[in-house]
Structure formats: structure tokens, C-alpha cells
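Undergrad: What follows is a protein structure lacking sequence information:
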């Protein structure tokens, strides 16, 4: 009986100790969770306060800084004032069911809503700044003309011309009525718009035209606020981390990767375009099977091919990101797109699968610091971008308006800014 009692007492004691340990662990976990919750709430409150302060500051200001990426485009334009490399022209051909006057009003309403598009470049106190013009009447800048002939290539060529950066707003719209169609010619300077922004803007034109203004998403942060946020980043720890990251990536390179030209010293190159089509379903299926993204696949293939033509396993190219990894910029209309340096070291002992994994990891790390200005990197290391890789994915050129679907057609023109550009996009049909 004594033995039994002792065992029972020991068993009870062990059970009690176990409960005490579990209770202590529960309290420690709860305390840790509570501390992390408070930290998250404090961080969210700080970010909301910063956003609120930026919005209030932006609404009070008349002049705003250009972002570093905008400055890079600006100085390139100043060096080449007669070039149209940063124009973004499009043409939309509507049938005669579209009301030209109603279309014109929808365009004006969309510009008034996204008043950043009215910004003017000015020089003030030795700086190039963006001047806010929210109340500016731009109705005279959206014109309607009528002609008896169809819109010709000559009409389009006459419409596309360089922007005078200080003497005009950086957009153009012309509606042309012909006997068989209504044609919208439009052009933006890249300083105020990128491809994603263009999609958003024309979506809103369609919603204004169809009277569905309640479906227009809120622009949480406009491009004026964005410029302030971008410039404030320079004082942050993350900015220093980004600088250190790109230093590690690029310091071993003497120059950007370049493909040796097959020309004699006195020969001039000729602009050439080559297109290769792949089955999109097969590409998507392969990527799903291998657990990789389409961008990762094509970027890895590009790196591998470029290494063969440059005779090097160490490559430094340029690429781009949308600049919208932060969801609060999802509906921002402006120039958010970023040029990024991308460095890669191919190791001969590794498989292609290993290369894809390395490229993906490096891409994600690079994307994490997309806010760091390419202009600073280029100036620090005296880099001239030679090869540009762009993955655009599925391009949305359709405009759903007036109960129909219309295409925003690209207008082809010479716009070479890199010696070689490799562009991957997905098109319907």
C-alpha cells in the first residue's frame, strides 16, 4: 500500500509540474504574441501617420521634387530634345456608335480626377520641380476634328512629335471623326505616366463615358505624394541597406554586359527587330509543373543565352519593375516604373535548375530594393546600360466601353534607348 501511495503521490506531483510548465509556456507565448501584436499595431500606426502627414503635406504644396527615376528620364531628354524615345503614343479606333463629344468629356473628366497629369516642369531655386495645377482648365487640349479621308500613317506621324518639357503639358489628345470611324490619338510623356498607369487611366475614361463613376477605385496615394515618400526614403535605414546590397552586387563589375558587335570600326549599326512566338498555354503549364514564374523562366533563359554571346559567366544587365510592390500604389497614376541593375554569376558546376533558383532568389532580393535610384548606381560605378530585359506578361490593351471592346493599339516608332532590348509579353490571339 505504501508503494502504491508513493507512486500516486509521485504521479500527481509529475502531473502538477507538467501543468505548471505548460501554463508557463502558454503565458510566455501569450506575452510574446501580445508584444508582437503591439509592435505590429505601432508600426501600422506609424505608417498611417506618415501617409496622413504626406497627404496633408502634399495637399498644401505647390511644388514637388522629381523622383530620381524621373530625373534620369529628364536629363536624357535634355540631352536629346529632338528624340521621341520617351513618348507613349497610342491609337484607338472606335466605330461610329461612339459619341465624340461624350468621349472628349470623359477624357477631360479623367484628367481632372487624376490632376497629377496636369503637372508642369519648372525651374525654381536651382531645382527642377513639378508644379501642381489641379484647377487648370485643359478643355482646349482635347480636340475634335472632322476629315473626309480615313486616318493615314501621315496623320499619325504628324501627331507624334517631341514634347517641349517646359512649354507645354506632357500629354496630347486628338479625336478625329471620319466617315467610317472615330479615331482617338493620344500621347503621354513617360515623365508623367508608365504602362500600368496608362491602363488605369483609360479604364477610368471608359467608366466616365459609361456613367459608372462609382466603380472608379480610389487613388490612395497620388504621384505628388509618391514623390515626397520616395525622397523621404533617402533618410531611412532601408535606403542604406539597399545601397549596401547594390554595392555587393555590382562592385566587381567594370562595365555592364555587352554583346560584341559584328561591325567594322567605321560601320554604322541598323535598327533591327525580331519576334519569336511561343505557345502561352505550354509556357504556363511548364511553369506550373516546375513551380516557377514565367518571368523567372525567361530571365534565366536570357541570362544563360547572353553568357554564351558575351563569353562570360558574370553578367550585369538592366531590367524593370512596376514599382508597385506596395499595395497602396496599386491605383497611383504617374511614373512609378523602376529601372534596376541585375547581376548574376553562373557557376559551371550547377544545373540549369540551380541557375533558375539562383536567378529567382536574386530577382526577389533586387525587387526588395527597387526604390533605390538606378541613376545613383550608374553614377557611382560609371555604368552605361547596354542590355535591357523586360517581362511585361499579359498586356491589357482592350478598352471596354459603350458596351463593346476596343483595342488600344501601339504605334511603332524608333525609340531605341538600349543597344539590345529583350521584351517578353503575352498577347491574345
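TA: Ah, there it is. This structure is a prediction, so every number in the text was calculated from the model and none was measured. Numbers count the residues shown, from 1 in each chain.
Undergrad: how about the strands in this structure?
TA: For the chain, applying DSSP state E gives strands covering 63-65, 90-94, 120-124, 127-131, 142-146, 171-177, 182-188, 314-321, 338-345, 387-394, 398-401, 404-410, 420-426.
Undergrad: and residue 82, how many neighbours does it have?
TA: A count of nearby residues for residue 82, using other Cβ atoms under 10 Å, gives 6. For the C-beta atoms, the positions are set from N, CA and C on the backbone; glycine is no exception.
Undergrad: check contacts around it.
TA: residue 162 (Cβ atoms under 8 Å, 6 or more residues apart in numbering).
Undergrad: about what we covered before: the strands of the chain: which one's closest to residue 71?
TA: Comparing the strands of the chain against residue 71 with Cβ to Cβ, the closest turns out to be strand 127-131 (7.1 Å).
Undergrad: Figure out how far the closest one is from the centre of its chain.
TA: Centroid separation between strand 127-131 and its chain, computed with Cα atoms, centre = their mean, to the nearest Å, is 22 Å.
Undergrad: How about stretch 372-385?
TA: The answer for stretch 372-385 is 19 Å, by Cα atoms, centre = their mean.
Undergrad: Quote the end-to-end distance of it.
TA: For stretch 372-385, the separation between the terminal residues is 16 Å (Cα to Cα, to the nearest Å).
Undergrad: what comes up buried for it?
TA: Within stretch 372-385, the residues that count as buried by 16 or more other Cβ atoms under 10 Å are 372-375, 377-378, 381, 383, 385.
Undergrad: now those as a markdown table including distance to residue 126 and pLDDT?
TA: Output for the buried residues of stretch 372-385, formatted as a markdown table (distance: Cβ to Cβ, whole Å; pLDDT from 0 to 100):
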| residue | distance to residue 126 | pLDDT |
| --- | --- | --- |
| 372 | 25 | 93 |
| 373 | 20 | 92 |
| 374 | 23 | 92 |
| 375 | 18 | 89 |
| 377 | 24 | 92 |
| 378 | 23 | 90 |
| 381 | 27 | 90 |
| 383 | 27 | 86 |
| 385 | 28 | 82 |
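Undergrad: Show me which of the residues you listed is closest to residue 128.
TA: Closest to residue 128, out of all of the buried residues of stretch 372-385 and judged by Cβ to Cβ, is residue 375, at 13.3 Å.
Undergrad: If we ignore the residues flanking it in sequence, what's nearest that closest one?
TA: Excluding the flanking residues, the one nearest residue 375 by Cβ to Cβ, 6 or more residues apart in numbering is residue 72, at 4.4 Å.
Undergrad: For that neighbour, give me its contacts.
TA: With contact taken as Cβ under 8 Å, 6+ apart, residue 72 is in contact with 339, 373-375.
Undergrad: okay, it: pLDDT?
TA: What the model reports for residue 72 is a pLDDT of 90.
Undergrad: Now do it against residue 234, distance only.
TA: 15 Å (Cβ to Cβ, to the nearest Å).
Undergrad: Over to residue 382?
TA: As judged by Cβ to Cβ, residue 382 and residue 234 stand 21 Å apart.
Undergrad: now swap in residue 370 and tell me
TA: 15 Å.
Undergrad: Kindly report the same for residue 248.
TA: 20 Å.
Undergrad: Pick out whichever of the two has more residues nearby.
TA: residue 234 (14 against 10).
Undergrad: So for the more buried one, what's the pLDDT?
TA: Reported pLDDT for residue 234: 89.
Undergrad: Give the full set of residues in contact with it.
TA: Listed by Cβ under 8 Å, 6+ apart, the contact set of residue 234 is empty.
Undergrad: try 10 Å this time
TA: The contact partners of residue 234, by Cβ atoms under 10 Å, 6 or more residues apart in numbering, come to 68, 240, 243, 371-373, 376.
Undergrad: Determine which two of those residues are furthest apart.
TA: Among the contacts of residue 234, 68 and 240 lie farthest apart (Cβ to Cβ), at 15.6 Å.
Undergrad: thinking again about what came up before, with the contacts of residue 72 in mind, which one is nearest to residue 187?
TA: Of all those, residue 187 sits closest to residue 339, with 21.6 Å by Cβ to Cβ.
Undergrad: ok, the closest one - how many residues close by?
TA: 21.
Undergrad: And the closest residue to it other than its chain neighbours, how far from residue 250?
TA: Spatially, and ignoring its direct neighbours in sequence, residue 339 is nearest to residue 374 (4.3 Å; Cβ to Cβ, 6+ apart). Distance, residue 374 to residue 250, using Cβ to Cβ: 11 Å.
Undergrad: quick one: common contacting residues for the two?
TA: Contacts common to residue 374 and residue 250, judged by Cβ under 10 Å, 6+ apart, are 341, 383.
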